[in-house]
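> Pasting a predicted model and its sequence here:
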2 protein chains.
Amino acid sequence: MNQLMPTLADVAQHAGVSEITVSRVVRNKGPISDATRDRVMKAIELLGYVPNRAAGSLASSGSMLLGVLLPSLSNIVFPDVLRGIHAAIATTPYQALIGVTDYDPFTEEKLVSSLLSWKPAAIVIAGFDHTHTTCKMLAASRVRVAEVMDIDAQPIDIAVGLSHRQAGFDSARHLIAKGYRRFGYVGHDWDTDRRARLRYEGLRAALNEAGLSFVGQMRFEGASSTSAGKETFEKLYNAFPDVDVVVFSNDDMAVGGYFHCMSAGIRIKEKVGLFGFNGLDIGMALPLPLSTVRSNRFLIGKIAAEKLLEVGERPTEKTIIDTGYDIVEGATA
Amino acid sequence: MNQLMPTLADVAQHAGVSEITVSRVVRNKGPISDATRDRVMKAIELLGYVPNRAAGSLASSGSMLLGVLLPSLSNIVFPDVLRGIHAAIATTPYQALIGVTDYDPFTEEKLVSSLLSWKPAAIVIAGFDHTHTTCKMLAASRVRVAEVMDIDAQPIDIAVGLSHRQAGFDSARHLIAKGYRRFGYVGHDWDTDRRARLRYEGLRAALNEAGLSFVGQMRFEGASSTSAGKETFEKLYNAFPDVDVVVFSNDDMAVGGYFHCMSAGIRIKEKVGLFGFNGLDIGMALPLPLSTVRSNRFLIGKIAAEKLLEVGERPTEKTIIDTGYDIVEGATA
DNA sequence: CTGTTAGCGCATTCAT
DNA sequence: ATGAATGCGCTAACAG
């Protein structure tokens, strides 16, 4: 094995040109004659030259990194957002530098600081729940920031997502219009999923407005999952067998409820309606397609990345982009 | 806003010490008296200093980045691996730099080159299907490399995963032992999921050995999903209603099959057994828990990251770590 | 325990 | 169309 990795200087020497010429060829920037470009390319191939981005970043005080800070990867919605981001940057020289906060604002704070130290071109971060320090760092850094998922608060720069409160509200209105009156709610941990709580609040507001309130509600202490939904729905239904519809904090939980109904022989919709949130593939594939609200996670990621990289400087105007949602009729409510 | 970001020099000046002293405090390395450390810390706070890793990386020719190259994030198994990696590095200063290859070896090649340009401490990459150039770059870079998921080939440095061929083989043996003889197979695209194919080959080998062969088999043209499994199982079952067990390429597909049985009133296990692969939560939550093979994705990621960062230099010995798998009895086969 | 010296590899001026 | 000089911000290797 050769001693060190070849540098610009090595390539320049082999090609009989100056370093800056090689640099221009590599970055495909500035005027270069075809002849020298070829020569340089050959030298690069020959030596197996790989540019050192750290040096490049240092010299130009900027990078092609797009920082992405997500609370979790267990919940499929975040990989979906990531796919959207990836779709937007796949054909560009940008690369995603990903951090996972585990829903902890202090972990997030550390990661933001860490991210910033790489001089990213922009940052995508989930939600608005940042520590004071995080906000200060983000604001001071002058890099472009997209706060995604949610549009229920004022962003630092851009917000891309949907109004979870409104989605909850509309879900309830939809169900009320279908004749449901005796609502149950099965949720999961609000501390780690503030958006689930917003949806719940929207739901409750709509019920209030219609002079209704929850017949019963239960929250699983922990992250959402099919098993959690199954277990929690079972408890709720045993305690309040007179509910006529149960709204779940998301589709994972709702599918769990669906499974319990199957096991226990509870006739879905006739006996009790089930309603989720997210519009996951699994819900569509159920024998009775799940009634739910489709959130456009992929789109959120894609639009956020596109908007961010569209303009280098942070504009004075804040931007809020509503990616919306659709009520999916389904067959369970 | 102040003009430029503060640098080590600024902090040093404010604290009345030299740059290297600040550097030592920041990196928590080398002997520093408590008094000066305090002074430096205060200056850092005051100025809101954030280190520039590009400069650090350049000076020390190394970084705290762990490169991770995954084929996709749509398939839950990869986020699971990522969670494992994250668990291993969460309490360390390492950060994951993630690339998604979309199952394309040439995209992978570009990403490897791009990754390498950041001088990562180590790289985790899925599978063994790399281009020649990729292998050369990886080998030449001298950085530590873990090839994960699979242990059915010789790694560059470390392999962490399970033998998919063996898992397939054992699945068939298990089902044969339970009395099944008329096997069906429902799969998805092999081009993008070579491991599914390995499992299939293991299956077939075990059938051969027992003097059996597939009664019928079908593969969905595309990625695995619940809907794909539902649809493909339906076709298979209509064409070969005499199968007594159907093995699916994974749990997503198997759950689709399960749903079709429910819709069509086919009695699972009595009429036809269903068998998956992965051991996802959703399978466990089904009214009849899915019979499947549990792969330990989280563990794969965790062990890979741990092993990689244990020793800085690439050892002369290749290491293969078998994270194994367990047959989950379930109730569908 | 602290400081001095000398780059790391590249891109940004400005020349030519 | 190409090149020379300079420095980005930090750390390794030595002093002391």
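Thanks, I have it. Numbers count the residues shown, from 1 in each chain, chains lettered A, B, ... in the order given.

> my read: residue A:66 touches residue A:125, true?
No - if you go by CB atoms under 8 Å, residue A:66 and residue A:125 don't touch, sitting 11.3 Å apart. Heads up, the C-betas are built off the backbone N, CA and C, glycines and all.

> now the closest residue to DNA strand C within the stretch 151-300 of chain A, nearest residue through space, not along the chain?
For the stretch 151-300 of chain A and DNA strand C, the shortest gap (CB to the nearest atom of the strand) falls at residue A:157, measuring 23.3 Å. Spatial nearest neighbour of residue A:157, excluding adjacent residues (CB to CB, 6 or more residues apart in numbering or on different chains): residue A:145 at 4.4 Å.

> Same question for residue A:86.
residue B:100 (5.2 Å).

> what about that neighbour, neighbour count?
If you count neighbours by other CB atoms under 10 Å in any protein chain shown, residue B:100 ends up with 25.

> Then residue A:64?
Count around residue A:64 with other CB under 10 Å applied: 16.

> quick one: contacts for the residue nearest to residue A:157?
Residue A:145 makes contact with A:122, A:123, A:124, A:125, A:138, A:155, A:156, A:157, A:158, A:308, A:314 under the criterion CB atoms under 8 Å, 6 or more residues apart in numbering or on different chains.

> Which of the helices or strands spans it?
Counting by DSSP states H and E, the element that carries residue A:145 is strand A:144-150.

> As a check, name the ranges of all helices in the stretch 51-200 of chain A.
A:53-60, A:77-89, A:105-116, A:132-141, A:164-177, A:194-209 (DSSP state H, counting those that start in this stretch).

> could you dump the ones you listed to a markdown table with distance to residue B:47 and mean neighbour count?
Formatted as a markdown table, the helices of the stretch 51-200 of chain A follow (distance: least, CB to CB, whole Å; neighbours: other CB atoms under 10 Å in any protein chain shown):
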| stretch | distance to residue B:47 | mean neighbour count |
| --- | --- | --- |
| helix A:53-60 | 20 | 19 |
| helix A:77-89 | 32 | 23 |
| helix A:105-116 | 14 | 19 |
| helix A:132-141 | 11 | 16 |
| helix A:164-177 | 38 | 20 |
| helix A:194-209 | 33 | 19 |
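
> With mean pLDDT and distance to residue B:134 added, can I get those helices in TSV?
Shown next, in TSV, are these (pLDDT from 0 to 100; distance: least, CB to CB, whole Å):
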stretch	mean pLDDT	distance to residue B:134
helix A:53-60	94	18
helix A:77-89	93	19
helix A:105-116	92	27
helix A:132-141	89	34
helix A:164-177	98	42
helix A:194-209	97	39
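
> Export those helices as a markdown table, with columns for distance to residue B:180.
Below are those laid out as a markdown table (distance: least, CB to CB, whole Å):
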| stretch | distance to residue B:180 |
| --- | --- |
| helix A:53-60 | 55 |
| helix A:77-89 | 35 |
| helix A:105-116 | 48 |
| helix A:132-141 | 56 |
| helix A:164-177 | 44 |
| helix A:194-209 | 43 |
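
> Tell me which of those helices approaches residue B:229 most closely.
helix A:77-89 (19.6 Å; CB to CB).

> by how many degrees do that closest one and strand A:144-150 diverge?
140 degrees (axes from the mean of the first three to the mean of the last three CA atoms, to 10 degrees).

> which secondary structure elements does helix A:77-89 contact?
Helices and strands touching helix A:77-89, by 3 or more CB pairs under 8 Å, 6 or more residues apart in numbering or on different chains; DSSP states H and E, are strand A:65-70, strand A:95-100, strand A:122-126, strand A:144-150, helix A:297-310, strand B:95-100.

> Which residues are in contact with the closest residue to residue A:78 other than its chain neighbours?
The shortest distance from residue A:78 to any residue other than its chain neighbours is 4.6 Å, reached at residue A:70 (CB to CB, 6+ apart). Shown in contact with residue A:70 (CB under 8 Å, 6+ apart): A:78, A:81, A:82, A:98, A:99, A:100, A:101, A:126.

> quick revisit: wait, the residue nearest to residue A:86 touches residue B:74, no?
No - the criterion here is CB under 8 Å, and residue B:100 misses it with residue B:74 at 9.6 Å.

> tell me the contacts of residue A:123?
Here residue A:123 is in contact with A:66, A:67, A:68, A:69, A:112, A:115, A:138, A:143, A:144, A:145, A:146 (criterion: CB under 8 Å, 6+ apart).

> Up against chain B, what does the stretch 101-250 of chain A have?
Contact residues, the stretch 101-250 of chain A versus chain B (CB under 8 Å from any CB of the partner chain): A:102, A:111, A:113-114, A:116-119, A:136-137, A:140, A:142, A:225-227, A:229-230.

> three-state assignment of the residue in chain A positioned nearest to DNA strand D?
Ranked by CB to the nearest atom of the strand, the top residue of chain A for proximity to DNA strand D is residue A:31, at 2.4 Å. Three-state call for residue A:31 (DSSP: H, G, I helix; E, B strand; the rest coil): coil.

> Quick check: can you list the domain ranges of chain A?
Domain assignment for chain A, taken from automatic domain parsing, gives A:8-51, A:65-163+A:297-326, A:164-294.

> Which one, of those domains, ends up nearest to residue B:183?
Using CB to CB, the nearest of the domains of chain A to residue B:183 is domain A:164-294, at 23.8 Å.

> ok so, going back, tell me the one of the contacts of residue A:123 nearest residue B:27?
residue A:115 (18.2 Å).

> Run a quick check on that closest one versus residue A:99, I expect a contact.
Yes - if you go by CB under 8 Å, residue A:115 and residue A:99 touch, sitting 6.4 Å apart.
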